[in-house]
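*Asks:* any chance you can model this:
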Amino acid sequence: MNMRHLLKVTSVWISIVYIICFAGVALLPGIRPGFMRYGLHMGIDMGQNILTFSTFVSGLIIWNIIALLAVGFFTFLYNAIKQ
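*Replies:* As a prediction, the model looks like this:
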C-alpha cells in the first residue's frame, strides 16, 4: 500500500468534509444539535456557534492531523498483519 499517496488523499478528503461541515453550521445553525443527537448519539447544549476564520483554519488543521494519524495507523496495521 502506498502510504504517502493514501495520506494525501486522506488530507484532501477530510478537508472537503470539514469545509462542508463548517459551511453547514454557518448557513444552517440549527443543524448542529440535530447532528449531535442523531450522528453522535448525545444531547448536549453546545452554546453558541463560534465561526471565524481562525476557528475555521485551526479546525481544518486539527482534523487533518487526526485523519492523517488514523490513516497512518491503519496503513501500519494493514502492512503489519499478514493475510
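
*Asks:* hey, let's count contacts and neighbours off CA atoms from now on
*Replies:* Fine.

*Asks:* quick check: buried residues in the helix or strand harbouring Gly34?
*Replies:* Using DSSP states H and E, Gly34 falls within helix 31-39. Under the neighbour-count criterion of 16 or more other Cα atoms under 10 Å, helix 31-39 has Arg32, Pro33 buried.

*Asks:* can you check stretch 56-74 too?
*Replies:* The neighbour-count check on stretch 56-74 (16+ other Cα under 10 Å) flags Phe56, Gly59, Leu60, Ile61, Trp63, Asn64, Ala67, Leu68, Val71, Gly72 as buried.

*Asks:* how far away is the second one from Ile81?
*Replies:* Spelled out, it's Gly59. Plainly put, Gly59 is 33 Å away from Ile81 if you go by Cα to Cα, to the nearest Å.

*Asks:* longest helix of this protein, counting residues only.
*Replies:* The longest helix of the chain (DSSP state H) is helix 53-80.

*Asks:* what mean pLDDT does that helix have?
*Replies:* Mean pLDDT, helix 53-80: 94.

*Asks:* dump the buried residues of stretch 56-74 to TSV, plus distance to Leu28.
*Replies:* Shown next, in TSV, are the buried residues of stretch 56-74 (distance: Cα to Cα, whole Å):
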residue	distance to Leu28
Phe56	16
Gly59	18
Leu60	19
Ile61	23
Trp63	21
Asn64	24
Ala67	25
Leu68	28
Val71	30
Gly72	33
